[in-house]
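1. A structural model of the following input is requested.
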Amino acid sequence: MSLVWRTAAAFTSRHARSSNSFFRASANSGLHGFSSTLGLGAPPELEAHGCQRSAALCIALRPSGHVTWSRGFATRRYKGFWTSEEGHADILSFMATYHPRVDTSTMTPEWWTENIQSLYSALDVKCSMCEYHSSPRLHNIFHLGRGIACICNGTARWASPEGFTRCKEILSSARFDSIDHSGIDRTWWQKNIRNLDSKLIASCRECGQEVASRITDICNKGQGFGCACQRKTELKLLEWLQLHFGTACKVEREVRGCVNAATGRHLPFDFRVKERILIELDGWLHFCGTDFAGNPCKATSERDLMKERWALGSDHVLIRVLQRDVWSDRADWQSYLLNSIAEAELDSRPRVILPDAPEYQVGIYHELRVGNCTDSILKDKQTDC
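-> Numbering: from 1, shown residues only. A predicted model of the protein is given here:
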């Protein structure tokens, strides 16, 4: 059976290469007779045959017969097409087919005549789900194949008023009843929010601590703020610190300041009391030398070393305590912390205070510090360099 292949003179070399490669792939797949057209997209029945589409070029395959479907832009891109009624109708059809959640009701024939002058004119659309308004260019949508910015898919400009409104709606949902986000107002938003990686700062109504999380984690990934209420050992230590030091000073949590130079990410400390005494709660991951999957990984231990160096360089005293000791009430951790904090107040030299535990004396924690100049000192015992 002969193959019918129709092309247009307006094809660029890129389009020709794309169509030829797709032709070969289709022929090898057993589709003996087909016709190709430039168009908006393939009819639903062709999807099963592996028909692919793009904004600039779409190949429609038929298992037999000749051209039975042709309604594309490229075959009818005469001068003035984009401003014509025909162009308006085809573009609305394209949007309804491939962007069904996009509201195009404002693009009336009158609006089209006044605003669309060329391929680079901007559309006026809105997401019917999150009501985010955007103005993508025709060229970006139909020739470059780009999507439409939307809060639902995380591509919106979160610094916009629509981004603020949508975020506040999410924070007002039932899953954030325990979070006080009253401090996030429009003024704060304009000053602090730049993109989806910007941090939201709020407070927990149950434990009273300040919490922070990225917009993308809250609004796109469905995560929470991760306050101490959800981390039982941290909550236990927090309540203990508030009981013993809460009246004399503020117990700070998630203390920022140290930054990973390689990634630019903050490496927060668990707690801080009396302005310059940091406390780190160390779980098993700090010493095992592997990740959660069991693969060799020193990342956690190396970050601990970065934080220790930052603490020493910023005139802090860092006290480390084992998570298992706090949770299981082992090794008299309460006396250890009380004595260490008292010692840090009397001796203001920046240093790292460690419990007398094998985790700090052998293994990866110790190996990373061998040969390094006083990255840490043991409690009541300074390491010589």
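2. contacts for stretch 160-169 next, please.
-> If you take CB atoms under 8 Å, 6 or more residues apart in numbering as the criterion, stretch 160-169 is touched by 130-133, 151, 156-158, 181, 184, 186, 189, 193, 200, 215, 218-219. All C-beta atoms are positioned from the backbone trio N, CA, C, and that covers glycine.
3. residues in contact with the nearest residue to Asp315 once chain neighbours are set aside?
-> Distances taken as CB to CB, 6 or more residues apart in numbering place Pro350 nearest to Asp315, at 5.1 Å, with adjacent residues excluded. Neighbour list for Pro350: Ala311, Leu312, Gly313, Ser314, Asp315, His316, Val317 [criterion: CB under 8 Å, 6+ apart].
4. just curious, which of those is nearest to Met107?
-> Of all the contacts of Pro350, Met107 sits closest to Ser314, with 56.1 Å by CB to CB.
5. residues contacting the nearest residue to that closest one once chain neighbours are set aside?
-> In space, and not counting its chain neighbours, Ser314 is closest to Gly257: 6.6 Å by CB to CB, 6+ apart. Taking CB under 8 Å, 6+ apart, we find Gly257 in contact with His266, Phe269, Trp310, Ser314.
6. doesn't Gly257 lie inside a helix?
-> No - using DSSP: H, G, I helix; E, B strand; the rest coil, the assignment for Gly257 is coil, not a helix.
7. about what we covered before: and the furthest pair within the contacts of Gly257?
-> It's His266 and Ser314 that sit farthest apart of the contacts of Gly257, by CB to CB, at 13.8 Å.
8. shaky segments in the stretch 51-200 of the chain?
-> Applying pLDDT under 70 to the stretch 51-200 of the chain flags the ranges 51-79, 153-154.
9. going along the chain, name the helices of it.
-> Along the stretch 51-200 of the chain, the stretches classed as helices by DSSP state H, counting those that start in this stretch are 85-98, 109-115, 138-142, 161-171, 186-192.
10. what's the local residue count around Glu302?
-> Counted with other CB atoms under 10 Å, residues neighbouring Glu302 total 14.
11. can I get the contacts of Pro350 in TSV including pLDDT?
-> Below are those laid out as TSV (pLDDT from 0 to 100):
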residue	pLDDT
Ala311	94
Leu312	93
Gly313	93
Ser314	93
Asp315	93
His316	95
Val317	95
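12. just the mean pLDDT for stretch 239-254, thanks.
-> Averaged over stretch 239-254, pLDDT sits at 86.
13. quick one: end-to-end length of it, please.
-> End-to-end distance for stretch 239-254: 15 Å, by CA to CA, to the nearest Å.
14. need the contact partners of that stretch.
-> With CB under 8 Å, 6+ apart as the test, stretch 239-254 has contacts from 209-212, 228, 234, 238, 268-275, 279, 334, 337-338, 341.
15. now the strands for this protein?
-> Counting by DSSP state E, one finds strands in the chain at the ranges 102-103, 125-127, 133-134, 179-180, 199-204, 210-214, 252-255, 269-273, 277-282, 317-322, 351-353.
16. redo those strands as CSV? Include distance to Ser172.
-> What follows is those, written out as CSV (distance: least, CB to CB, whole Å):
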stretch, distance to Ser172
strand 102-103, 23
strand 125-127, 19
strand 133-134, 21
strand 179-180, 10
strand 199-204, 12
strand 210-214, 16
strand 252-255, 23
strand 269-273, 30
strand 277-282, 32
strand 317-322, 38
strand 351-353, 43
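17. okay if I get those strands as TSV plus distance to Trp82 and mean neighbour count?
-> What follows is those, written out as TSV (distance: least, CB to CB, whole Å; neighbours: other CB atoms under 10 Å):
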stretch	distance to Trp82	mean neighbour count
strand 102-103	18	17
strand 125-127	16	21
strand 133-134	19	18
strand 179-180	48	18
strand 199-204	41	18
strand 210-214	39	18
strand 252-255	52	19
strand 269-273	57	22
strand 277-282	61	22
strand 317-322	64	24
strand 351-353	67	24
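18. for Gln117, find the nearest of the ones you listed.
-> With CB to CB as the criterion, Gln117 lies closest to strand 125-127 of the strands of the chain, at 17.6 Å.
19. strand partners of the closest one, parallel vs antiparallel please.
-> Looking at strand 125-127 with DSSP bridges, its partner strands are strand 102-103 (antiparallel), strand 133-134 (antiparallel).
20. now render the ones you listed as a markdown table, adding distance to Cys167.
-> Formatted as a markdown table, the strands paired with strand 125-127 follow (distance: least, CB to CB, whole Å):
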| stretch | distance to Cys167 |
| --- | --- |
| strand 102-103 | 21 |
| strand 133-134 | 16 |
